[in-house]
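Peer 1: Sequence first, then the predicted structure:
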2 protein chains.
Amino acid sequence: MTLQPLYPRATWQRTAIMSALENAGTFMSAQDLYERLRSEGARVGLTTVYRTLQSLNDRGEIDVLHVAGKEAAYRRCGTPVHHHHLVCRSCGRAEELESAAVEEWARESAQSHGFTAVTHTVEIYGLCGACASGGD
Amino acid sequence: MTLQPLYPRATWQRTAIMSALENAGTFMSAQDLYERLRSEGARVGLTTVYRTLQSLNDRGEIDVLHVAGKEAAYRRCGTPVHHHHLVCRSCGRAEELESAAVEEWARESAQSHGFTAVTHTVEIYGLCGACASGGD
DNA sequence: ATTGGTTTTGACAATCGTTTTCATCTAAGC
DNA sequence: GCTTAGATGAAAACGATTGTCAAAACCAAT
């Protein structure tokens, strides 16, 4: 028996998508990335962008954000450890946050109500300085 | 000029939807409610359920929850003031939570990074006691 | 009660983000 | 180079939600 490859194959598409996200720094949707890559001349398919983002997220290499009525937005974060975000509603720029107090509160709240297998989502949305003053 | 009615008209559909949610107590999607109402013999349209839930939410009479890949879920909460939820992933049952510390943390985090017009989402997910032991 | 004008309803079509399908292409191991 | 399982992408399928519009219901004023 041959053992399965541990990592997905290295294709230029995957690399392009990853680095586009990397130097964007902001949260971007699959469609955003697709358009950006296209406009840069990269001939990737939308399907591939969706699939790649999904797989990167499954591997924990990027974070997702599901905002109310919007498309899923992905971001390449600076740290692989659990954290939350302060996201600009307008431009997608984000700061990474953490708070032991919040983690503790979540854990205790769940425990005291008899809930197990606990996870949580904590995100803060606002307008960053640049968007609030300058254009939109 | 006659002044506009302050409240939506009282239709039996609106009443039925509201009370179905009310005595469910859990988070339910538009489709869940539609099916339940139908099975009880109420001849409402799916469109109406969607519209009514939206309008009830706009008025702040019910809360919404947008979970990752699922349908929007609504709940009639006990309090009209800002709060968060501890939600059972399996049955939708929820506890209402509040924490001055978390609110303060969110406010300060945003402020210290120059973000304005701040809002946040904080939800805890888990398995409630009943679902963890009993069936699914 | 009846009317009139505005809202609300609901069957159906349309939208939109995302996933599936499947035939073709390609990276990576021999 | 050759093989082949994994990756790609165009197009179709999907599922939740919203738009359309004619018919029905509400309610204030006759």
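Peer 2: That came through, no problem.
Peer 1: Outline the domain layout of chain A.
Peer 2: Chain A breaks down by automatic domain parsing into domains covering A:1-78, A:80-136.
Peer 1: which secondary structure elements does the single longest strand found in chain A contact?
Peer 2: With residue count as the measure and DSSP state E as the assignment, chain A has strand A:116-127 as its longest strand. Judged by 3 or more CB pairs under 8 Å, 6 or more residues apart in numbering or on different chains; DSSP states H and E, strand A:116-127 is in contact with strand A:84-88, helix A:100-112, helix B:100-112, strand B:116-127. All C-beta atoms are positioned from the backbone trio N, CA, C, and that covers glycine.
Peer 1: And stretch A:82-90, end to end?
Peer 2: Using CA to CA, to the nearest Å, the end-to-end distance of stretch A:82-90 comes to 24 Å.
Peer 1: Could you list the buried residues of the helix or strand bottoming out on mean pLDDT in chain A?
Peer 2: Every helix and strand in chain A was compared by mean pLDDT, DSSP states H and E; the lowest is helix A:129-133, with a mean of 94. Using 16 or more other CB atoms under 10 Å in any protein chain shown as the test for burial, helix A:129-133 gives A:C131.
Peer 1: Help me see whether that helix makes contact with chain B, please.
Peer 2: Yes. Contact of helix A:129-133 with chain B (CB under 8 Å from any CB of the partner chain) involves A:129, A:132.
Peer 1: okay, now A:H66: neighbour count?
Peer 2: 16 (other CB atoms under 10 Å in any protein chain shown).
Peer 1: So for it, what pLDDT did the model give?
Peer 2: A:H66 carries a pLDDT value of 95.
Peer 1: Ok, A:I62 next?
Peer 2: A:I62 is given a pLDDT of 97.
Peer 1: ends of stretch A:23-33, how far apart?
Peer 2: Start-to-end, stretch A:23-33 (CA to CA) is 12 Å.
Peer 1: mean confidence for it?
Peer 2: Mean predicted confidence for stretch A:23-33 is 96.
Peer 1: Identify all contacting residues around that stretch.
Peer 2: For stretch A:23-33, the external contacting residues (CB atoms under 8 Å, 6 or more residues apart in numbering or on different chains) are A:17, A:20-21, A:36, A:46, A:49-50, A:53, A:65, A:70-76, A:85, A:87-88, A:91-94.
Peer 1: Run through who's touching stretch A:124-133.
Peer 2: Contact partners of stretch A:124-133, identified using CB under 8 Å, 6+ apart, comprise A:67, A:84-91, A:93, A:97, B:106, B:109-110, B:113-121.
Peer 1: change it to 6 Å
Peer 2: With contact meaning CB atoms under 6 Å, 6 or more residues apart in numbering or on different chains, stretch A:124-133 is reached by A:86-91, A:93, B:106, B:110, B:114-120.
Peer 1: Please consider this matter closed, and thank you.
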